[in-house]
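Visitor: Predicted structure and sequence below. I'll ask about it afterward.
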Amino acid sequence: NAPTAFGNFPGIESRKVPGQEDLGITTQFAMEAVAYLELKRGAYRMGVNSDDGFRVTCGATPQEIGLVLGEFSGGRGFADTMFDFLVPADGIYPFRLTWEQGTGSAGVQWFIEDLNTSVRTLINYPGSPVVAYRYCSTLTQAVTIVEQPASTNVFQNRKPSFSVKAVSGSITNYAVFAYQWQQKSPGSATFENIPGANGPTYTTLDPVSSFDNGTQFRCIVTLLGYPSATSQVATLTVTVDNEPPQVYSIKGSADWKTVKISFNELIDSGSVYAANFSISGLQVLDAIVDDTGTNILLTTSLQTPGTKYEVTIKNITDLAWNHIADNTKVQFTAWIVENGYVIRELYNNITGTTVGALTQSSKFINKRPDSVSALSIPDYQTLGDNYGAKVYGLITAPVTGSYVFYIASDDNSELYLSTDDSPANLSQTPIASVTDWTGYREWTKFTTQRSEPVTLEAGRKYYFVAYQKEGTGGDNLSIAWIRPDDPATNVIPSQYLSGLANPDVAAINIIKQPENITVVENRSATFSVKAEGKSEFGTNILYQWQKNGVDIPNATSASYTVSRIQLADNGAVFRCILKVPGLTTNSADAVVTVLADQTSPSALSAGALINRNEIGIMFDELLDPTSAANVSNYTVAGAIVTKAALRPSGNQVVIVIDKPVVSAITVNYAGIKDLAGNSGAGSVSVAVVDMQAQDIGTKDAQGNFTNPLYPGATYVYGPDIFEVTGGGSDIWGTADACQFVFKTVNGNFDIQARVEDLTRPDAWTKATLMVREDLEANSRNFAILAAPATGQNVINVQWRDAKGGSSASLATALRPTPVPYPNTWLRMQRVDNTFNFYWGTNGTDWTLLYTATPTNPLPSSVNLGLAVTAHINNTNTNAIAQYRQVKISSSAPPVQQPVLKIELMLDNVVVVSWPAAAEGFVLQTADQVDGPYTDVTTGIETSGEVKRYVVTVPTNSRFFRLKK
């Protein structure tokens, strides 16, 4: 048990908590507390009252203690910060509280608040509902060093490195250990700590000399609560450097005035003069060594984009005065301007929502983004939390006249525009900005999102830059314009955008070319290409599909599907243009052979909800709209067909009869034509599905729905085939608006379905599996959902655990993306008062996404089914979800998923571990996420309760899974 309750205070807070003490007046110090907290499954409200700042983090294991629950940065008087969280299962979880104090009064108090009574109790105070534990000696495991630092032999004036790797039982993540490197100089009798040498790898701060020959190094590795370990001694041997420096790489820059020459060792800055360099066709105006000591930066006269230049080097020496071979020649190509993309720099792990939080961060100031990539348009969303972005490039005006620019973002953003193609002439203040947040492509929430009119000249390029800062929750950035010749607000298309690129490092390797295909007319045809790319800005590739040499609008992914191929397309040639910044290439041609359709359409299945008049019929191909909507082409014994309509899918028909369907019936059809004119006749049995469908939402005094305004509908095309259309503002907040098709079930249940398709009236349109306590808009509910692929493109779990209360959902980082349409399998399972949520891609292999246990159990009898919301509430907008293989049954035992951990160590060493108790599971690996997977049969070790597989992988992706 931990020794004491946690809290000390001068006693001036407004709501006192038992156990407080007076810490007094202190200045400039910090504190860290680490403890295991015993928590039951359920919801908690935790708080910290502090003067000054604090942060509380937690995790499932000691090496995963980085989840931030609550924090306050900066100075303040005594004040509370409250934060709620959910615990997925009973257990003992590691927590860390850090606190810093500036000047004046000081105190920190860590407490739990009862959600029902609001009574506050210190963590671990006698009678507290939360008990804290510390490590006990009987539970500790020694830190073991599995990779020792190696003795090394280096030339003088180099910076040698030493590395160590440690484990403690099943703990292998190097980031959780504390390191202290020590050195013993020649002639010294003791090892001394090296200040700042606190990582698994230590590189000397200064180049070594012959006086350092024989220096010894070692590392002490510690894990909180575990005995430390000391590595073996590594000895440094310093050899006299008689080797001349060599050029490692050379490249130009985006300003066309700088050349960076990198060497294999430190360069003597005294030998670096502009006169020691000459470039054909250019003047060398200046030469300096940068702060790395290995790079020389040349300032030149203006370079011509795309021109290859030869640099001649002489009289350059390393720190041992070895001269480079005179007249050493190297070449580089000046950066080029390319149409079709802009550049995005991402800076991760920066908190806050203001643009200043990004631009004032050390990462940004030192120009060290975490990733750089090319975007075909300045438009994106759902990248994560706590990041900042810089998006920049050139805009080409298509016509002369007055333009208006818009920016939308979550959270803050600013847009700047230059008077020409130079960054030096950027506007001093943003022409448009967001100081709060907007929805995706929401252009009119704030007046500041719209620029004043800007006059641009046709054919001229104008440099722009946008900054976006994301805190937590949703995130997006979009930049649009209104052209002089087009009043619509549109995201700026790629044909009017340009970026700068280094052609010397650009490469594209096409792994799989598009293939020729043969297809029957009016069917779909899909072409795909698989490639790897590399550029100055990363590995992403931009795609543009062409038909007979002409760009296909919006065909900008690695695959392209023609939804309805025509006979006129016979012999058409499709290819893909692939681009990385600095290089464009095209795939091989793929020729489509289109066969005439000579087969009559045939009904595959039919269905109806019990006691409803609508019957859905699924055909095997696209239909002629006129014949499909002709009521005289359908007959039902004992009933009159009053209406027939072809649905947007093109192969689904809904007919209406004059009486409700209560038992199995047969629909006869004749004269139904496909798009080629083939006429079909036949009959199909109607499966009667024992479910109900209705809108959920709010009504006015007359009983009319005000949300959703667009009436929803559900059509059934077989025993497990559903088309659900829904309007409404959302399934979220304190009340829902959607179409719900459901049945009342008692006790445990298991529902699963494949979401084949979901239209996108909004980024947050939702197709869900849902359980509701009742049919009122503010009902308690739990749901697993899929969002549109062209919208939020995530799978998520959300819930409202109190009637009329707020909704909650998974954190952004926990939501799977992208959504794998048409194979988006969702599953929800009830076992007593526990709800398990799964997702998958094949209906067989399931991944547990979340487990919920309501504090107040749902009743045994609940409403279970499918729910769809458009996320837009008006009279002309709805969403359409296609569900397949819907199955509702009594609940089977939960799918037991062993936890598979994959950790990247140094030098591409990967450690894969999982519980040894996971009987029957086989480790498999593949180079691609979709396989093929092969069993790992050798190299697996068992250590206590953990199985472990250690392997060195190449720099590209490697995937692992357990399969039973």
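Guide: Great, that's in hand. Please read all numbers here as calculations on a predicted model, not as lab measurements.
Visitor: Distance of residue 767 relative to residue 302?
Guide: Distance check for residue 767 against residue 302: by CB to CB, to the nearest Å, it reads 55 Å. Just so you know, the C-beta spots here come from the backbone N, C-alpha and C atoms, and that holds for glycine as well.
Visitor: what does the helix or strand hosting residue 330 contact?
Guide: Secondary-structure assignment from DSSP states H and E places residue 330 in strand 328-333. Outside strand 328-333, the residues that touch it by CB atoms under 8 Å, 6 or more residues apart in numbering are 247, 250-252, 259, 261, 306-314, 502-504.
Visitor: before we move on, the earlier item: more neighbours, residue 767 and residue 302?
Guide: Between residue 767 and residue 302, residue 767 has the larger neighbour count (other CB atoms under 10 Å), namely 30 against 11.
Visitor: so what's residue 227 scoring on pLDDT?
Guide: What the model reports as pLDDT for residue 227 is 69.
Visitor: Please apply the same query to the one 10 residues further on.
Guide: Per-residue confidence at residue 237 stands at 97 (pLDDT).
Visitor: give me every residue that touches the nearest residue to it once chain neighbours are set aside.
Guide: The shortest distance from residue 237 to any residue that is not its chain neighbour, by CB to CB, 6 or more residues apart in numbering, is 4.3 Å, and that residue is residue 153. For residue 153, the contacting residues are 237-239, by CB under 8 Å, 6+ apart.
Visitor: roughly how far is the strand holding residue 330 from the heart of the chain?
Guide: The chain centroid and the centroid of strand 328-333 are separated by 40 Å, computed with CA atoms, centre = their mean, to the nearest Å.
Visitor: tell me what whichever helix or strand comes after that strand is packed against?
Guide: In the C-terminal direction, the helix or strand that comes right after strand 328-333 (DSSP H and E) is strand 336-339. Using 3 or more CB pairs under 8 Å, 6 or more residues apart in numbering; DSSP states H and E as the contact test, the elements touching strand 336-339 are strand 497-501.
Visitor: Tell me the bridge partners for residue 469.
Guide: Here residue 469 sits in beta bridges with residue 388, going by DSSP bridges.
Visitor: mind starting the numbering at 34 from now?
Guide: All set: I'll call the first residue 34, so the last point we hit is now residue 502.
Visitor: That one against residue 393, yeah?
Guide: No. In this structure, residue 502 is not within contact of residue 393 by CB atoms under 8 Å, at 10.7 Å.
Visitor: Isn't residue 841 up against residue 832?
Guide: Yes. Taking CB under 8 Å as the definition, residue 841 is a contact partner of residue 832 at 6.0 Å.
Visitor: Can you pick out the residue with more neighbours from these two?
Guide: Neighbours per residue (other CB under 10 Å) separate residue 841 from residue 832, with residue 832 holding more: 23 against 15.
Visitor: Can you name every helix or strand that the helix or strand that contains that one contacts?
Guide: Mapping residue 832 onto the secondary structure by DSSP H and E places it in strand 828-833. Using 3+ CB pairs under 8 Å, 6+ apart as the contact test, the elements touching strand 828-833 are strand 814-819, strand 841-842, strand 879-885.
Visitor: what does the average pLDDT come to for it?
Guide: Averaged across strand 828-833, the pLDDT comes to 95.
Visitor: what residues does it touch?
Guide: Counting by CB under 8 Å, 6+ apart, strand 828-833 makes contact with 764-765, 767, 811-820, 839-843, 848-850, 852, 857, 859, 870, 872, 882-883, 885, all of which sit outside it.
Visitor: ok, residue 920 - how many residues close by?
Guide: When counting by other CB under 10 Å, one arrives at 13 neighbours for residue 920.
Visitor: Check the one 3 residues further on too.
Guide: The criterion is other CB under 10 Å. On that basis, residue 923 has 11 neighbouring residues.
Visitor: Check whether it really touches residue 784, as I assumed.
Guide: No. With contact defined as CB under 8 Å, residue 923 and residue 784 do not form a contacting pair (10.8 Å).
Visitor: Strands of the stretch 234-383 of the chain, residue ranges please.
Guide: Remark: strands of the stretch 234-383 of the chain, listed N- to C-terminal, are 234-236, 249-256, 259-263, 267-272, 280-284, 291-296, 310-312, 317-322, 328-333, 341-346, 361-366, 369-372, 375-381; assignment by DSSP state E, counting those that start in this stretch.
Visitor: Tell me where this protein has helices.
Guide: Secondary structure of the chain by DSSP state H: the helices cover 388-392, 395-398, 658-661.
Visitor: Let me see the domain layout of the chain.
Guide: According to automatic domain parsing, the chain comprises the domains 40-167, 177-272, 280-367, 371-534, 540-628, 636-722, 725-922, 934-996.
Visitor: and those domains, which is most packed in?
Guide: Among these, the stretch with the highest mean neighbour count (mean count of other CB atoms under 10 Å) is domain 725-922, at a mean of 20.
Visitor: from the chain's centre, how far out does that one sit?
Guide: If you compare the mean C-alpha spot of domain 725-922 with that of the full chain, they lie 22 Å apart, counting by CA atoms, centre = their mean.
Visitor: first to last residue in that domain, what's the distance?
Guide: One end of domain 725-922 to the other measures 17 Å (CA to CA, to the nearest Å).
Visitor: Save the strands of the stretch 234-383 of the chain as a markdown table, and put in distance to residue 598 too.
Guide: Conversion of the strands of the stretch 234-383 of the chain to a markdown table gives the following (distance: least, CB to CB, whole Å):
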| stretch | distance to residue 598 |
| --- | --- |
| strand 234-236 | 57 |
| strand 249-256 | 62 |
| strand 259-263 | 65 |
| strand 267-272 | 66 |
| strand 280-284 | 46 |
| strand 291-296 | 51 |
| strand 310-312 | 54 |
| strand 317-322 | 59 |
| strand 328-333 | 54 |
| strand 341-346 | 45 |
| strand 361-366 | 42 |
| strand 369-372 | 30 |
| strand 375-381 | 34 |
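Visitor: among these, which is nearest residue 562?
Guide: Proximity to residue 562, assessed across the strands of the stretch 234-383 of the chain by CB to CB, is greatest for strand 369-372 (19.9 Å).
Visitor: Strand partners (parallel or antiparallel) of that closest one?
Guide: strand 530-534 (antiparallel).
Visitor: Next one: the nearest residue to residue 898 once chain neighbours are set aside from residue 723, what distance?
Guide: What sits nearest to residue 898 in space, not counting adjacent residues and going by CB to CB, 6+ apart, is residue 775, at 3.2 Å. With the distance defined as CB to CB, residue 775 ends up 11 Å from residue 723.
Visitor: now swap in residue 864 and tell me
Guide: Going from residue 864 to residue 723 by CB to CB gives 24 Å.
Visitor: cool, and residue 448?
Guide: Spatial separation of residue 448 from residue 723 under the definition CB to CB is 55 Å.
Visitor: Go ahead and confirm residue 673 touches residue 688.
Guide: No. In this structure residue 673 lies outside contact range of residue 688 using CB under 8 Å: 10.5 Å.
Visitor: CA atoms only: put stretch 604-616 into PDB for me.
Guide: Taking C-alpha atoms only, stretch 604-616 is exported to PDB below (Å, rounded to 0.1, in the frame of the first residue of the first chain):
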ATOM      1  CA  GLY A 604     -11.200  -0.900 -76.600                       C
ATOM      2  CA  ALA A 605     -10.900   2.200 -74.300                       C
ATOM      3  CA  VAL A 606      -7.400   2.600 -72.800                       C
ATOM      4  CA  PHE A 607      -7.100   3.400 -69.100                       C
ATOM      5  CA  ARG A 608      -3.900   4.300 -67.300                       C
ATOM      6  CA  CYS A 609      -2.800   6.100 -64.200                       C
ATOM      7  CA  ILE A 610      -0.500   9.100 -63.900                       C
ATOM      8  CA  LEU A 611       1.500   8.800 -60.700                       C
ATOM      9  CA  LYS A 612       3.300  11.700 -59.200                       C
ATOM     10  CA  VAL A 613       5.600  12.500 -56.300                       C
ATOM     11  CA  PRO A 614       7.100  15.900 -55.900                       C
ATOM     12  CA  GLY A 615       9.900  16.000 -58.500                       C
ATOM     13  CA  LEU A 616       8.800  13.100 -60.700                       C
END
